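Novice: I need the structure of the sequence given here:
(one chain, ligands or ions: 2)
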Amino acid sequence: RVEFEGLKESVEFVNASVVVDGRHILKDIKLTLRKGDRVGIVGHTGSGKSTLVKIIPRLVDYIGSVKIDGVELYEFELSSLRSRIGMATQETFLLNATVRENMLIAKPDATDTEIWQALKLALCDFVEDMDRGLDSMVGERGYSLSGGERQRLSLARLFLKNPDIVILDEATSALDMSTEKRLLKNLFEFFEGKTMLIVAHRLSNVMECNRIVVVREGTIVEEGNFYTL
Ligand code: ATP
Ligand code: MG
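Specialist: Numbers count the residues shown, from 1 in each chain. Ligands and ions are numbered 1, 2, ... in the order given. All right, here's what the predicted structure looks like:
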């Protein structure tokens, strides 16, 4: 097994497919993501967008080939691969624990100062209003957070983790438009120069992407940018 030491050049999908129960969910994907690329992924519901991005941290099995800097994903030691890939999705995962414990998942040795910085970048000002700050309980036995608050907390984790490859899969869907806009601005600024993949329904959210790929029925049918598509 190879230790993943960070993205140097590219992630390359060479005829990658995902087959579940004999059905091709993704078929012969060819896509090269260069370091620093900001790629938008759009397409109708059920077209395969989430499955496509889940390949990179190996949350789904693929056939064919997907390589990072020439090394097949299956060759990498899984925990080292995942330690440098950050993903935020529509469904957020929260521990029934304190805010601090929920943040430390992303970076176990983070200081409180770093945690507060990440919370601020993700517009989690609601934590400041909690009676015990970072020691406040969230989840069943504590503050029950709204969908938008949960999403922001999960994005705060992404800032804290500061991965090499950043994946946002409808990660701001529960936010109102102006909050979403401010948060995306922070994400784009903070992760400037990092490789980002942004799955979105709203085309306006991928306006800032240097490339946009369109997925339809498991294949990439178009590629361009906001102005050419
Ligand atoms: P949405 O915009 O609604 O999030 P999507 O483009 O992200 O859709 P995917 O979640 O990638 O679509 O799903 C693509 C297709 O694959 C869907 O038809 C879905 O039902 C199917 N699918 C995804 N994962 C699995 C799985 N583990 N087992 C069976 N079918 C699956
Ligand atoms: Mg999806």
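
Novice: now Gln151: which helix or strand?
Specialist: Using DSSP states H and E, Gln151 maps to helix 147-161.

Novice: so is whichever helix or strand comes after that helix next to ligand 1?
Specialist: Downstream of helix 147-161, the next assigned helix or strand under DSSP H and E is strand 165-169. No. Strand 165-169 does not reach ligand 1 (C-beta under 6 Å from any ligand atom); its nearest approach is 7.2 Å. (Each C-beta comes from the backbone N, C-alpha and C, glycine too.)

Novice: pairing partners for strand 165-169, with directions?
Specialist: Sheet pairing here is set by DSSP bridges, and for strand 165-169 it gives strand 85-89 (parallel), strand 195-199 (parallel).

Novice: please list the residues of this protein that sit near ligand 1.
Specialist: Within the chain, the residues that sit near ligand 1 (C-beta under 6 Å from any ligand atom) are 20, 25, 43, 45-51.

Novice: from Asp125, how far out is the most far-flung residue of the chain relative to its centre?
Specialist: Most distant from the centre of the chain: Asp131, at 30.4 Å, with distances by C-alpha atoms, centre = their mean. According to C-beta to C-beta, to the nearest Å, Asp131 and Asp125 sit 15 Å apart.

Novice: now the strands for this protein?
Specialist: Assignment of strands within the chain using DSSP state E yields the ranges 10-20, 23-34, 38-42, 63-68, 71-72, 85-89, 165-169, 195-199, 211-216, 219-224.
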